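# got a structure for you, letters missing:
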């Protein structure tokens, strides 16, 4: 089964926006109420309430408190699902702490507000190509710029910081085995900061530096926010302008990543990359901002699911094997600093750009990997104990909007 998310813009009226805010507040109130009951029950008799018992409590609460009649029952059941997952993650972190991992345990906390609500099964339907009927809200105008493929499982309504409203549909469809138009065409990718990516065939993809280019404007807007009186309408307007500018940077970055990953997935039957330890790289405070602006992890995730859906192979190499400081001609290890951009091999005399040399080594490792299956995708960019893994057609792989 293949799971995809589709994101659409909503244009609710003022009355519908007021109803949506009411839904958000009621869902948040129910979440906090369930958290209190779950915590007090465990303190009283040591019982850990399951999601099924929490759903039964929701029904009892609705019968006694009429305020929750104004929200769909499926949204309230999603609150118990969120709370159960929060405690599951809490228990997981406790176990990791006992093993010796440096993690914050973090007991589930009360929510000040909800940023989204989810309809797991029902409560919504398409009235037409331009209207979405939502329970307790009404018929909300929607822009269906593309048709969602598969069976719609859930719908999430979310408001961005810029004030825009979105509906996100999670659709499930049968995995279809596609045939790639270029099955014998392979490429190795070495991502970087000076150039976003260098391909093994010599193609160089420039780094757009979206955040750096907008940094001057962002600093100006941030200073205007700081000068405004807290709680005033002028401060609220200044915050909105700042959020719109940040959203513009995010959209520019996503557009670039989608187009680049689509180009690679459509033109190469096998895409080989290195499994980077991005979290470790972010500890370098001189490069952290530039690494986050490049969004390597998101790029690898997008390339993964697009390559698989196109019928290709996505190969993730071992991060501990040297690629940059290893000569792609003879395999000699050549020690280089970060400022050295050209590799000069003292054995075979190869002179080549270090990024191009690294991409060729990544491709060679990709060719040496057998046809093993792995459900991991590009979003897992932590070091792996395996030397390399291959994601092939039909493998479950996460997708973006």
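That came in fine, so what should we check first? Keep in mind that this is a model prediction, so the values were computed, not measured.

# Report the buried residues of whichever helix or strand residue 132 is part of.
Taking DSSP states H and E as the criterion, residue 132 maps to strand 131-134. Counting neighbours by 16 or more other C-beta atoms under 10 Å, one finds that the buried residues in strand 131-134 are 132, 134. Backbone N, C-alpha and C define where each C-beta goes, glycine included.

# what does stretch 276-283 give?
For stretch 276-283, burial by neighbour count (16+ other C-beta under 10 Å) applies to 276, 278.

# average pLDDT across it?
The average pLDDT for stretch 276-283 rounds to 87.

# for the residue of the chain positioned farthest from its centre, what are its contacts?
Ranking residues of the chain by C-alpha distance from their mean position (C-alpha atoms, centre = their mean) puts residue 347 at the top, at 43.9 Å. With contacts taken as C-beta atoms under 8 Å, 6 or more residues apart in numbering, residue 347 has the following neighbours: 327, 330, 332.

# quick check: longest helix of the chain.
Secondary structure assigned by DSSP state H gives helix 233-267 as the longest helix of the chain.

# next one: that one to chain centre, how far?
Helix 233-267 sits 14 Å away from the centroid of its parent chain (C-alpha atoms, centre = their mean, to the nearest Å).

# who does the next helix or strand after it pair up with?
Proceeding C-terminally, helix 233-267 gives way to strand 270-274 as the next helix or strand, assigned by DSSP H and E. According to DSSP bridges, strand 270-274 has the following sheet partners: strand 186-191 (parallel), strand 313-317 (parallel).

# Strand 270-274 to helix 233-267, inter-axis angle?
Compare the direction of strand 270-274 with that of helix 233-267 by axes from the mean of the first three to the mean of the last three C-alpha atoms, to 10 degrees and you get 130 degrees.

# Going forward, count from 38.
Renumbered: residue one is now 38, and that last one reads strand 307-311.

# all helices in this structure, in order from the N-terminus.
51-82, 88-101, 110-136, 247-264, 270-304, 315-318, 325-331, 333-346, 391-404.

# To residue 187, which of those helices lies closest?
Nearest to residue 187 among the helices of the chain is helix 333-346; the distance by C-beta to C-beta comes to 12.4 Å.

# on that earlier part again, quick one, which of the strands paired with strand 307-311 gets closest to residue 127.
Judged by C-beta to C-beta, the one of the strands paired with strand 307-311 that comes nearest to residue 127 is strand 350-354, at 30.2 Å.

# sorry, back to before: of the contacts of residue 384, just the buried ones, PyMOL syntax please.
In PyMOL, this line selects whichever of these come out buried by 16+ other C-beta under 10 Å:
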select buried, resi 364
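
# Burial check on residue 97, number of neighbours?
In terms of burial, residue 97 registers 9 neighbours under the definition other C-beta atoms under 10 Å.

# how about the helices of the chain in JSON lines, adding distance to residue 373?
Conversion of the helices of the chain to JSON lines gives the following (distance: least, C-beta to C-beta, whole Å):
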{"stretch": "helix 51-82", "distance to residue 373": "53"}
{"stretch": "helix 88-101", "distance to residue 373": "54"}
{"stretch": "helix 110-136", "distance to residue 373": "36"}
{"stretch": "helix 247-264", "distance to residue 373": "26"}
{"stretch": "helix 270-304", "distance to residue 373": "27"}
{"stretch": "helix 315-318", "distance to residue 373": "17"}
{"stretch": "helix 325-331", "distance to residue 373": "20"}
{"stretch": "helix 333-346", "distance to residue 373": "21"}
{"stretch": "helix 391-404", "distance to residue 373": "7"}
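
# To residue 218, which of the ones you listed lies closest?
Nearest of the helices of the chain to residue 218, taken as C-beta to C-beta: helix 270-304 at 7.6 Å.

# list the buried ones in the closest one?
When burial is assessed from 16+ other C-beta under 10 Å, helix 270-304 yields the following buried residues: 272, 275-276, 279-280, 282-283, 286, 290-291, 293-295, 297-298, 301-302, 304.

# so what secondary structure elements neighbour that helix?
Contact here means 3 or more C-beta pairs under 8 Å, 6 or more residues apart in numbering; DSSP states H and E; on that basis helix 270-304 packs against helix 247-264, helix 333-346.

# Give me whichever of those is most buried.
Ranked by mean neighbour count under mean count of other C-beta atoms under 10 Å, the helices and strands packed on helix 270-304 are led by helix 333-346, which reaches a mean of 23.

# got the angle between that helix and strand 307-311?
Relative orientation of helix 333-346 versus strand 307-311 (the same axes, to 10 degrees): 160 degrees.

# Let me see the mean pLDDT of helix 333-346.
Helix 333-346 shows an average pLDDT of 92 in the prediction.

# Kindly report the same for stretch 67-74.
Summarised as a single mean, pLDDT over stretch 67-74 is 96.

# Could you do stretch 128-144 as well?
This predicted structure assigns stretch 128-144 an average pLDDT of 91.

# Straight-line length of it, end to end?
One end of stretch 128-144 sits 9 Å from the other (C-alpha to C-alpha, to the nearest Å).

# Outside of it itself, list whatever touches it.
Outside of stretch 128-144, the residues within contact range by C-beta under 8 Å, 6+ apart are residue 127.

# Pull out the buried residues from that stretch.
Residues of stretch 128-144 classed as buried under the neighbour-count rule (16+ other C-beta under 10 Å) are residue 130.

# do the same with stretch 375-385
Applying a neighbour-count criterion of 16+ other C-beta under 10 Å, one finds 380, 382 buried in stretch 375-385.

# Number of residues surrounding residue 146?
Residue 146 has 9 neighbours, counted by other C-beta under 10 Å.

# re earlier: and the gap between the residue farthest from the centre of the chain and residue 370?
Remark: distance between residue 384 and residue 370 (C-beta to C-beta, to the nearest Å) = 10 Å.

# same thing with residue 345?
In this structure, residue 345 and residue 370 are separated by 34 Å, where distance is defined by C-beta to C-beta.

# OK, contacts around the residue nearest to residue 198 when sequence neighbours are not counted?
Closest residue in space to residue 198, ignoring its immediate chain neighbours: residue 280 at 4.0 Å, by C-beta to C-beta, 6 or more residues apart in numbering. With contacts defined as C-beta under 8 Å, 6+ apart, residue 280 is in contact with 197-200.

# Alright, that wraps it up for me.
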